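>>> when you get a sec, could you give me coordinates for this:
(one chain, ligands or ions: 1)
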Amino acid sequence: MNPLLRFSFGASLGRVVLRPGEDPFALYEPLQTEAHRWYLAEGDGSAGFGWADLPLRSCDDVLEAAGWLRSFEAVVQVGIGGSALGNLMLHQALLGDTVNERGPLRFYLADNPDPAKVREIWDRVKDRRTALVGVSKSGSTAETTSQFLWFKEQMECRIDGPVGDRILLVTDPAEGVFRAYVNQTGCRSLPIPSDVGGRYSVLSPSGLLSAAALGVDVEALLCGAREMRSFLRGCSDRRINPALRLAALHRYHERQGRPMAVFFPYSSRLERFAEWYAQLWAESLGKGGQGTTPIRALGAIDQHSQVQLYVDGPDDKFATFLHVGGEEDLLLPQVVDEPLRGLSYLGGRGLGEMLSREARATAAALASRGRPLVWIDMERLDARSLGQLVYFYEVLTAMVGRMMDLNPFDQPGVEQGKRYTYGLMGRKGFEEHAVEAQEWFARIDGETLEGPLGEDAEVTE
Ligand SMILES: O=P(O)(O)OC[C@H]1O[C@H](O)[C@H](O)[C@@H](O)[C@@H]1O
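Model prediction:
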């Protein structure tokens, strides 16, 4: 079994009424076996499976480009979705939220094309020597390309010399506007391999570049991913392989009327991991009327927010608890002040110890109500263990998709919105989409209340 992650499935079936002799795992046996065969065969050559071998790729080009980025004072990365969430996840998990305060390189991610956010980033970097990194698999996403244009223009107005000397684009090796710009200007670039989709690209230059520039040991990250890869490939026993077992459980609970998958890490450093997971899960598996909704939770914060619903609301969720060990603890003092005597049970205990016990307590409370969950113990959180976890979730998601008989590597629902946006922004060739979008929106907008709220309304108390 893998050394840094341990999976416990004990309580995961919850209050499920089984017929005598029924084994939920046996129900999925043929599908599990087929999904594993498919993973070993790398999707039988179907498109989008390039992520599976990313841990084997050399990262020399990333390390070289990261060294170049470190010659700047600040980096602005434009990118969204899979071209942003992985970066934020790696930085938070391995460097903490205060990485910019520690310097010397400051990093800003311009994902949402919100003018206020973009202006704020620019105000922070405009007086510094700044590099502009554009990350986009397709090289054409409007949120990313628009911000690229804006930041490039600001930089051009402010610096001497060609702006191209400060630009690096991470994109498809052959296609898209970003690639055309690289080919035309000769600016720096790194590839996102063509058979790697955005949300599976965190172990490619898309996710690795900013992490390496800021000081993450990306070789250790890839080493962890490689370890998980060999473990999951080498273990075809569906009762031992945790990805196969968990894939069956996710399928089982979806079919048992639990359409929500709660991801509940007990570590502030994994809050963004939950966001990264949510994109991976939702875009890969929400198709054809199927799929479970990923819910992002954070221990212990959500004990004081969502847990009431999890324990006492409808039995419609399957939770994954992720417990992290090996953290530095902070010891609490013995309580001597008379008015604080009621807190003496905390004296001499650790904050980390409390967080850890709260994870157990909450999982136990769910189990006591028959709510299904799986518990993952991470021995410690570092680059190697995170590499294992990332790769595990990629394999799990892909295999669940295979068991659902859908393509876990496309996103047709998202593409519709992208086409409508292009149309509404006047992009050539998307005129029909603009008309269609306007027609649909007119229906949504059709029944608005007349006048500002309150003006015509009679208020009765
Ligand atoms: O990396 P890009 O091609 O710019 O794509 C950015 C994002 O665009 C869309 O929303 C896709 O559904 C996402 O999967 C992708 O991560």
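
>>> how about the residues of the stretch 351-461 of the chain by the ligand?
Selection of the stretch 351-461 of the chain residues close to the ligand by Cβ under 6 Å from any ligand atom yields Gln411, Val414. The C-beta positions use only the backbone N, C-alpha and C, and glycine is treated the same way.

>>> wait, what's in contact with the residue of the stretch 301-450 of the chain found nearest the ligand?
Relative to the ligand, the nearest point of the stretch 301-450 of the chain is Val414 (3.6 Å; Cβ to the nearest ligand atom). By Cβ atoms under 8 Å, 6 or more residues apart in numbering, the contact list for Val414 reads Glu283.

>>> how many neighbouring residues does Asp315 have?
Asp315: 18 surrounding residues under other Cβ atoms under 10 Å.

>>> I'd assumed it was in a strand, is it?
No: secondary structure of Asp315 (DSSP: H, G, I helix; E, B strand; the rest coil): coil, not part of a strand.

>>> around the residue in the stretch 251-400 of the chain that the ligand sits nearest to, how many other residues sit close by?
For the stretch 251-400 of the chain, the residue closest to the ligand is Glu283, as judged by Cβ to the nearest ligand atom, at 5.3 Å. Under the neighbour criterion other Cβ under 10 Å, Glu283 is assigned a count of 24.

>>> please list the residues outside the strand or helix carrying it that contact it.
Per DSSP states H and E: Glu283 is located in helix 271-285. Outside helix 271-285, the residues that touch it by Cβ under 8 Å, 6+ apart are 81-82, 85-86, 88-89, 91-93, 199-200, 202, 261, 263, 265, 291-294, 296-298, 386, 389, 393-394, 397-398, 400-401, 404, 406, 408-409, 411, 414.

>>> low-confidence stretches in the chain?
Applying pLDDT under 70 to the chain flags residues 1-3, 15-22, 447-461.

>>> how about a cut-off of 90?
For the chain, the stretches with pLDDT under 90 are 1-29, 45-46, 99-103, 160, 236-240, 256, 326-327, 415, 443-461.

>>> domain ranges for it, per the record?
If you go by automatic domain parsing, the domain ranges for the chain are 5-17+24-40+221-403, 51-216, 412-441.

>>> hey, where'd the strands end up in the stretch 1-150 of the chain?
5-8, 74-78, 106-110, 130-136 (DSSP state E, counting those that start in this stretch).

>>> cool, and the stretch 251-400 of the chain?
Using DSSP E, counting those that start in this stretch, the strands of the stretch 251-400 of the chain run over residues 260-266, 293-296, 317-324, 373-378.

>>> ok, back up a step: make sure the residue of the stretch 301-450 of the chain closest to the ligand is indeed in a helix.
Yes: with three-state DSSP as the criterion, Val414 is part of a helix.

>>> one step back: can you lay out the strands of the stretch 251-400 of the chain as JSON lines showing mean neighbour count?
JSON lines is the format used below for the strands of the stretch 251-400 of the chain (neighbours: other Cβ atoms under 10 Å):
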{"stretch": "strand 260-266", "mean neighbour count": "24"}
{"stretch": "strand 293-296", "mean neighbour count": "18"}
{"stretch": "strand 317-324", "mean neighbour count": "24"}
{"stretch": "strand 373-378", "mean neighbour count": "20"}
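
>>> for Val336, find the nearest of these.
Closest to Val336 of the strands of the stretch 251-400 of the chain is strand 260-266 (Cβ to Cβ; 30.2 Å).

>>> next one: the closest one to chain centre, how far?
Centroid displacement of strand 260-266 relative to its chain, using Cα atoms, centre = their mean, to the nearest Å, is 13 Å.

>>> name the helices or strands packed onto it?
helix 271-285, strand 293-296, strand 317-324, helix 351-368 (3 or more Cβ pairs under 8 Å, 6 or more residues apart in numbering; DSSP states H and E).

>>> what angle separates the lengthiest helix in the chain from strand 317-324?
If each helix of the chain is counted by residues according to DSSP state H, the longest one is helix 383-403. Helix 383-403 and strand 317-324 are oriented at 160 degrees to each other (axes from the mean of the first three to the mean of the last three Cα atoms, to 10 degrees).

>>> what residues does this structure have near the ligand?
Going by Cβ under 6 Å from any ligand atom, the residues of the chain near the ligand are 80-83, 136-138, 141, 144, 198-199, 283, 411, 414.

>>> just the buried ones from those residues, in PyMOL syntax?
Buried members of the residues of the chain next to the ligand, defined by 16 or more other Cβ atoms under 10 Å, are picked up in PyMOL with:
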select buried, resi 80+81+82+83+136+137+138+141+144+198+199+283+411
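
>>> so which of the residues of the chain next to the ligand belong to helices?
Using DSSP H, the residues of the chain next to the ligand in helices are Thr144, Glu283, Val414.

>>> residues contacting the first one?
Applying Cβ under 8 Å, 6+ apart, one finds that Thr144 lies in contact with Val78, Gly79, Ile80, Ser83, Gly134, Val135, Ser136.

>>> so the closest residue to the second one other than its chain neighbours bridges to which residues?
This means Gly79. With sequence-adjacent residues excluded and distances taken as Cβ to Cβ, 6 or more residues apart in numbering, Gly79 is closest to Val135, at 3.6 Å. As for beta bridges, Val135 partners with Val170 under DSSP bridges.

>>> burial of Val135, as a residue count?
Count around Val135 with other Cβ under 10 Å applied: 34.

>>> could you do Ala212 as well?
Based on other Cβ under 10 Å, the number of other residues close to Ala212 is 24.

>>> quick check on the closest residue to Glu29 other than its chain neighbours: phi, psi?
Spatial nearest neighbour of Glu29, excluding adjacent residues (Cβ to Cβ, 6+ apart): Arg238 at 6.6 Å. Dihedral angles of Arg238 (phi, psi; degrees, to the nearest 10) stand at phi -70, psi -10.

>>> quick one: Arg238 and Leu27 touch, right?
No: with contacts counted by Cβ atoms under 8 Å, Arg238 stays clear of Leu27, the gap being 11.8 Å.

>>> neighbour count for those two, which is higher?
Neighbour totals were compared for Arg238 and Leu27, and Arg238 leads with 20 against 14 (other Cβ under 10 Å).

>>> residue contacts, the more buried one?
Contact analysis of Arg238 by Cβ under 8 Å, 6+ apart lists Phe25, Glu29, Gln32, Thr33, His36, Leu244, Arg245, Ala248.

>>> which two among these are spaced furthest apart?
The span of the contacts of Arg238, defined through Cβ to Cβ, is set by Phe25 and His36 at 13.6 Å.

>>> the more surrounded of those two?
His36 (23 against 16).

>>> leaving out chain neighbours, which residue sits closest to Asp217?
Excluding the flanking residues, the one nearest Asp217 by Cβ to Cβ, 6+ apart is Ala383, at 4.5 Å.

>>> and Trp38, how far from the ligand?
Trp38 sits at a distance of 21 Å from the ligand (criterion: Cβ to the nearest ligand atom, to the nearest Å).

>>> what sits against that residue?
Asp44, Met399, Arg402.

>>> ditto for Tyr252
For Tyr252, the contacting residues are Pro24, Leu27, Tyr28, by Cβ under 8 Å, 6+ apart.
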